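A.B. asks: Pasting the sequence and the predicted coordinates here, then a few questions.
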Amino acid sequence: MPTTPPTEAPAEDLPPEELASELAGIALEPIIEVFGEGAEDLTAHAFPLGTRDGEGEFWAVVTNGPQPLYREEDGNVINFFHLVALYRRNVDATWSEPLGEVTLETAPHRTHIVEVLDPGPLTPGEDAALIAIRGQTGAHGSTFDVLLAQGRWLKTVASHISGTPDSGSLADLDGDGVVELLFNTSNAYVFCYACGVQEKGEQVYRWNGLAYEAVLVETPDGLSGDLASKADQVVRLAGANLWRDAAALAVETSSRAPEHEGLRWLSIVVNRMAVVRLGYAGSSGQPLLTSVFAGEYGAAFSLMEALSPEEAFALDGPLVSGTAAETDLPSMVSYLLFYADEALKVRGDDADIHAVRALGQVLASPDELNRARSSISRALRLAPDNEFLREAEAYLDSIEVAPGLPPGAPEPEVLLDGPEMSYFEEYTVGTGDQGRRVRALHQRLARVRSLGFADPGRYYRVYDEATREAVLKLQVEAGLPPTGVVDGPTWEALEAAVEREQARFEEAAPLTAPPRVTHTAHGAAGEPVVYLTFDDGPHPTWTPQVLDVLSRYGAKATFFVLGQSVEAYPTLTARLVAEGHDAENHTFDHASLDKVDRETFIAEVRDTDDAIHAAAGAQADPIACLRPPYGAYDAQTSALAAELGKALTLWNVDPQDWRRPGADQIAEHLVTHARPGAILLMHDGGGERSQTVEALDTVLRELTARGYTFALLCR
């Protein structure tokens, strides 16, 4: 590609956004010269890397937009592939020529999200930056490229293509300051992409001093005796997809040798897979199969046990009909039998696994039932008091052919009618809601491409975190309050966006990632860690009850307090700090920080800090985090927070407990969406919070049973 000579900038003190626009134009000019009119819709996103040398500051440019091509005289087609180019903003206010250029190895059709990170100890003594770029490929796939920029040097350190819209993420899993790469390896085509059933997976890559390498589920070197035996058993359980037991044993084994890095990383990757699979178990698209994917054969068998044997083993019974399996029964069969066979190699005396295997054998050979009869008989010998197994054995012995007909392919899905506007006069649609209205919402969100929402399929009708995040984006784009809840104005904005989408689609610049706070996702033994956070307190009724529940489980939490409430209830603030919890800043009176001037912003934050210090003294230090009310922030918010020494701190799991949807719904959403490193949002003030208190007990009980620990977010 032709290079660009040094270009004079109009002024040395141009604001960053003008410098970015100028550099993007410089980078695009030679591409347009080569590809002509076909490159006119190409865009570029320029940004500073935060690194420099003696000659100036380094910047990077990432291209985006439809990829142009041209045909040579001999007919050979030359395609443009998206790239990253490295420049320097010289001290004399000129741009350098391109210092380095890397074509994205994943060849994305578009680049969507660009994130710049400090690589930390990855490059000791070097001024360097990691550039993470997520993109789109194909109808549903996504890409993930990670580049390392060191001075004038730019290279790709990892690339991944995912069959899902979410290619992966970055996180410091072990708290050593070096980010790991988390690639999404989920199989989204268990039945069909639109069927909404996935075989969840993740591959972790960590820096070995020279390169990123995969962390495999294998017995670490340097072990002997009982530790080696236990580690081998962890690997066997994981290989059999018995994730709950594998995760628990991994934590137990690692905790016996906390200095052994290999055991800790085995525990980390096993626990991460366990969380991914267990969190998806029982998914509405195919509850039984997703339970099997997680190794939850007890839950899978419970679905069978709730029916009569005639219903449970029917080709068109409730376990198949109305689920994604009705689109592709052979795939259901192959997965059931493969998973059950692998599990039985490790746990051959488990009646639940034998019963699930029998179901797979019936569906596989409905006119040859001997194998299924044998499996049910084995299950009954292992659990002789189980009434369903006794009835199932007698039933299978009494028939020659399984009941029912294989389901036919469902009719093409139509766009469902949305709620009448009169519905929103009394109700809203939000976190944890299920059913036809949520499916109608999913259909429309997926049609607005700027929201980046992947349609979860006709059988998945749950308002989950991905739905909430898409609604938030819609509300921000429409200038509505960013509540993450669908009300009348939000639905009208969505319908209008769908209509606009049918006519045109305007290319948007890659998104800049939201502010991040570094926190570990796993503890010293590899156990998963989550962060409990509470907003809008302290409250004299609800905060003491929350503290009592936390105390019962030995759990720590971070309270984002309002300065005015701290002044009103200083003793309560002192109590939560004395009990080992953290009091952080949520402004003085819940002001929306993206709508206030500089002086008000500073007063909101400093007055709250002063109130916390007056109540709890130096024990409250450091007050390091600021959670903006409503999660509303912009470039000025980020800059002022940094000026005051605060890290903007959001959340990634929101049960919308303020809607009071019921304690069960709050708890189910939190437990389902909990992941290692997740930040859970709840409220101990601002309203009646009895449902939150009740849900908290369930959440702590369930997550503790899964091996989670609870840490302070800002320490």
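C.D. replies: Yep, that arrived.

A.B. asks: what's the nearest residue to Pro108 if we skip its chain neighbours?
C.D. replies: Leaving aside its chain neighbours, Pro108 sits nearest to Gly135 (2.7 Å; criterion: C-beta to C-beta, 6 or more residues apart in numbering). Bear in mind the C-beta positions are built from the backbone N, C-alpha and C, glycine included.

A.B. asks: Next, the buried residues of the helix or strand harbouring the one you found.
C.D. replies: Assessed by DSSP states H and E, Gly135 sits inside strand 128-137. Residues of strand 128-137 classed as buried: 128-137 (neighbour count, 16 or more other C-beta atoms under 10 Å).

A.B. asks: Which residue ranges of the stretch 101-250 of the chain form strands?
C.D. replies: 110-117, 128-137, 141-150, 153-162, 168-171, 180-184, 202-207, 212-214 (DSSP state E, counting those that start in this stretch).

A.B. asks: looking at those strands, which is closest to Glu465?
C.D. replies: Checking those against Glu465 by C-beta to C-beta gives strand 168-171 as the closest, at 13.6 Å.

A.B. asks: show me where the stretch 551-700 of the chain has helices.
C.D. replies: Secondary structure of the stretch 551-700 of the chain by DSSP state H, counting those that start in this stretch: the helices cover 563-568, 570-578, 598-616, 635-643, 663-673, 690-705.

A.B. asks: Could you provide the ones you listed in JSON lines, with additional columns for mean neighbour count and distance to Ser283?
C.D. replies: What follows is those, written out as JSON lines (neighbours: other C-beta atoms under 10 Å; distance: least, C-beta to C-beta, whole Å):
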{"stretch": "helix 563-568", "mean neighbour count": "21", "distance to Ser283": "39"}
{"stretch": "helix 570-578", "mean neighbour count": "18", "distance to Ser283": "37"}
{"stretch": "helix 598-616", "mean neighbour count": "18", "distance to Ser283": "41"}
{"stretch": "helix 635-643", "mean neighbour count": "16", "distance to Ser283": "36"}
{"stretch": "helix 663-673", "mean neighbour count": "22", "distance to Ser283": "9"}
{"stretch": "helix 690-705", "mean neighbour count": "20", "distance to Ser283": "17"}
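
A.B. asks: rank those by mean pLDDT and give me the bottom one.
C.D. replies: Note on the helices of the stretch 551-700 of the chain: helix 635-643 shows the lowest mean pLDDT, a mean of 83.

A.B. asks: Would you mind pulling up the elements that it packs against?
C.D. replies: For helix 635-643, the elements it packs on are helix 598-616, strand 647-648, judged by 3 or more C-beta pairs under 8 Å, 6 or more residues apart in numbering; DSSP states H and E.

A.B. asks: ok, residues contacting the first one?
C.D. replies: Residues outside helix 598-616 that contact it (C-beta atoms under 8 Å, 6 or more residues apart in numbering): 561-564, 566-567, 570-571, 573-574, 577-578, 583, 585-589, 591, 593, 596, 620-621, 623, 626, 636-637, 640-641, 644, 646.

A.B. asks: how does it look with 7 Å?
C.D. replies: The contact list for helix 598-616 (C-beta atoms under 7 Å, 6 or more residues apart in numbering) reads 561, 563, 566-567, 570, 573-574, 577, 583, 585, 587-588, 591, 593, 596, 620, 623, 626, 640, 644, 646.

A.B. asks: can you check the last one too?
C.D. replies: Under the criterion C-beta under 7 Å, 6+ apart, residues 515, 517, 624-626, 628, 633, 637-638, 641 lie in contact with strand 647-648.

A.B. asks: looking at these, which has the most residues close by?
C.D. replies: Leu626 (29 neighbours; other C-beta atoms under 10 Å).

A.B. asks: so it touches Ala641, yeah?
C.D. replies: Yes: using C-beta atoms under 7 Å, Leu626 and Ala641 qualify as a contacting pair, with a distance of 5.2 Å.

A.B. asks: measure Asn184 to Leu359 for me?
C.D. replies: For Asn184, the distance to Leu359 equals 30 Å [C-beta to C-beta, to the nearest Å].

A.B. asks: Equivalent analysis for Ser321, please.
C.D. replies: 14 Å.

A.B. asks: So which of those two has more stuff around it?
C.D. replies: Between Ser321 and Leu359, counted using other C-beta under 10 Å, the more crowded position is Leu359 (29 against 14).

A.B. asks: where does the stretch 401-550 of the chain dip in pLDDT?
C.D. replies: 406-412, 457, 459, 503-518 (pLDDT under 70).

A.B. asks: Strands of that one, start to end?
C.D. replies: Along the stretch 401-550 of the chain, counting by DSSP E, counting those that start in this stretch, strands occupy 511-512, 529-537.

A.B. asks: Deepest in the core, which of those is it.
C.D. replies: Of all those, strand 529-537 carries the top mean neighbour count, a mean of 25, counting by mean count of other C-beta atoms under 10 Å.

A.B. asks: quick one: strands adjacent to that one?
C.D. replies: Sheet pairing of strand 529-537 (DSSP bridges) gives strand 557-561 (parallel), strand 679-683 (parallel), strand 709-710 (parallel).

A.B. asks: can you put those in CSV and add mean neighbour count and distance to Gly151?
C.D. replies: Converted to CSV, the strands paired with strand 529-537 look like this (neighbours: other C-beta under 10 Å; distance: least, C-beta to C-beta, whole Å):
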stretch, mean neighbour count, distance to Gly151
strand 557-561, 28, 38
strand 679-683, 23, 35
strand 709-710, 19, 40
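
A.B. asks: now Val270, what's its secondary structure?
C.D. replies: Classification of Val270 using DSSP: H, G, I helix; E, B strand; the rest coil returns helix.

A.B. asks: Report how many residues lie close to the nearest residue to it once chain neighbours are set aside.
C.D. replies: Distances taken as C-beta to C-beta, 6+ apart put Ala250 closest to Val270, at 4.4 Å, once the chain neighbours are dropped. Ala250 is flanked by 32 other residues according to other C-beta under 10 Å.

A.B. asks: I figured Ala250 was touching Gly526, is that so?
C.D. replies: Yes: between Ala250 and Gly526 there is a contact under C-beta under 7 Å: 6.1 Å.

A.B. asks: Correct me if wrong: Gly484 contacts Asn652.
C.D. replies: No: using C-beta under 7 Å, Gly484 is not in contact with Asn652, being 11.9 Å away.

A.B. asks: Who has more neighbours out of those two?
C.D. replies: Using other C-beta under 10 Å, the more surrounded residue of Gly484 and Asn652 is Gly484, with 24 against 16.

A.B. asks: And that one, how close does it get to Ala394?
C.D. replies: Counting by C-beta to C-beta, the gap from Gly484 to Ala394 is 52 Å.

A.B. asks: can you pull the contacts of the closest residue to Ala711 other than its chain neighbours?
C.D. replies: Leaving aside its sequence neighbours, Ala711 sits nearest to Val529 (C-beta to C-beta, 6+ apart; 5.0 Å). By C-beta under 7 Å, 6+ apart, the contact list for Val529 reads 520-523, 676-677, 708-709, 711.

A.B. asks: Show me which of the residues you listed is closest to Val333.
C.D. replies: Pro676 (33.0 Å).

A.B. asks: OK, contacts around that closest one?
C.D. replies: Applying C-beta under 7 Å, 6+ apart to Pro676 gives the contacts 271-272, 275, 521-522, 528-529.

A.B. asks: most neighbours, which of those?
C.D. replies: Asn271 (29 neighbours).

A.B. asks: Touching, that residue and Gly523? I think so.
C.D. replies: No: with contact defined as C-beta under 7 Å, Asn271 does not count as touching Gly523 (9.6 Å).
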